[in-house]
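> Provided below are the primary sequence and the corresponding predicted coordinates.
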Amino acid sequence: STAGDGGGVYQYSGTLTVDDCDFWENSAGNAGSGGNGAAGATGAAGGAGGYGATAGSGGAIFMRYGTMTITNSHFTDNGAGSGGNGGNGANGGAGALPGGAGGNGGAGGTAGNGGEGGAIYTQAATTILYSTYTGNTSGNAGSAGDGGNGGDGGAGQDGSPATAGGKGGSGGNGGQVLMA
C-alpha cells in the first residue's frame, strides 16, 4: 500500500491549471512500518517481519493522468514521503527437552520505498512555464528489519551435550529512493 500522495494538490485525472501560485513546505505522507514477526513455538522458526509500505509521492502536486499546465509558480522546500521500516524477524523457539534443535530466527522485513517527486509527481501531459524550484526532495527509503535470533538448543539427556541452536534470520532488504 502507499501513503498519502499530493501534499498540496491531489488530482487523479482531468485538467489542472496552476497560475501564480506558491507551494511552500508541503509534504506527501510518510509510510507505515511493517509489523514484527511472532516468536517461534518450541523448536519452531520465528515469524518474518512485515514489509514497510511505500511513501506518498508529489510533495506539492500529484497528478496521475490528464493535462496539467503550470505558469509563474514557485515550489520551495516540498518533499515526498519517507518509506516505512521493515518489521523485525522474531526469535526462533528453544529446542524441546531432551536435545531438541532450536528454531531458526525469522527474516527481517523489507523496507518501503521513498516517495517520488519532491515538488511534482505526474504522468499527465504537462507544460511548465516561468516557474522556479528550490530545495524540493524525494522521500527517503525506510530501514530494513533485523533478522531474529535462532532459538537455543534443548539440553541433552543424562549429561550428553545440548543440541545446536537455530540459525539467526536474515536481515530484510533495503528500500529505494526513487527519482527526485
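Structure received. Residues are numbered from 1 along each chain as shown.
> With residue 89 as the reference, measure out to the residue most central in space within the chain.
Taking CA atoms, centre = their mean as the criterion, residue 112 is the residue nearest the geometric centre of the chain, at 1.8 Å. According to CB to CB, to the nearest Å, residue 112 stands 17 Å off from residue 89. Where you see a C-beta, it was placed from the backbone N, CA and C, and this is true even at glycine.
> what's the answer for residue 16, then?
Note on residue 16: its distance to residue 89, by CB to CB, is 44 Å.
> Same question for residue 55.
In terms of CB to CB, residue 55 sits 23 Å off from residue 89.
> Between these two, tell me which one has more neighbours.
Neighbours per residue (other CB atoms under 10 Å) separate residue 55 from residue 89, with residue 55 holding more: 34 against 29.
> Was I right to think the more buried one contacts residue 112?
Yes: contact criterion CB atoms under 8 Å: residue 55 and residue 112 qualify, at 6.4 Å.
> okay, and the common contacts of the two?
31, 83, 84 (CB atoms under 8 Å, 6 or more residues apart in numbering).
> So the second one sits against residue 57, correct?
No: using CB under 8 Å, residue 83 is not in contact with residue 57; the gap is 11.2 Å.
> The chain: strands as residue ranges?
Taking DSSP state E as the criterion, the chain carries its strands at 9-11, 15-19, 22-24, 61-63, 67-71, 74-76, 120-122, 125-129, 132-134.
> Reformat these as CSV; add distance to residue 105.
Output for these, formatted as CSV (distance: least, CB to CB, whole Å):
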stretch, distance to residue 105
strand 9-11, 41
strand 15-19, 49
strand 22-24, 46
strand 61-63, 39
strand 67-71, 49
strand 74-76, 46
strand 120-122, 38
strand 125-129, 48
strand 132-134, 46
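> Among those, show me which one is buried the most.
Among those, strand 61-63 has the highest mean neighbour count (mean count of other CB atoms under 10 Å), at a mean of 27.
> Now do that one: which elements does it pack against?
Secondary-structure packing of strand 61-63 (3 or more CB pairs under 8 Å, 6 or more residues apart in numbering; DSSP states H and E): strand 9-11, strand 15-19, strand 120-122.
> quick one, what contacts the nearest residue to residue 93 once chain neighbours are set aside?
Once flanking residues are discounted, residue 93 sits nearest to residue 40: 3.6 Å by CB to CB, 6 or more residues apart in numbering. Going by CB under 8 Å, 6+ apart, residue 40 touches 46, 47, 90, 91, 92, 93, 103, 104, 106, 151, 166.
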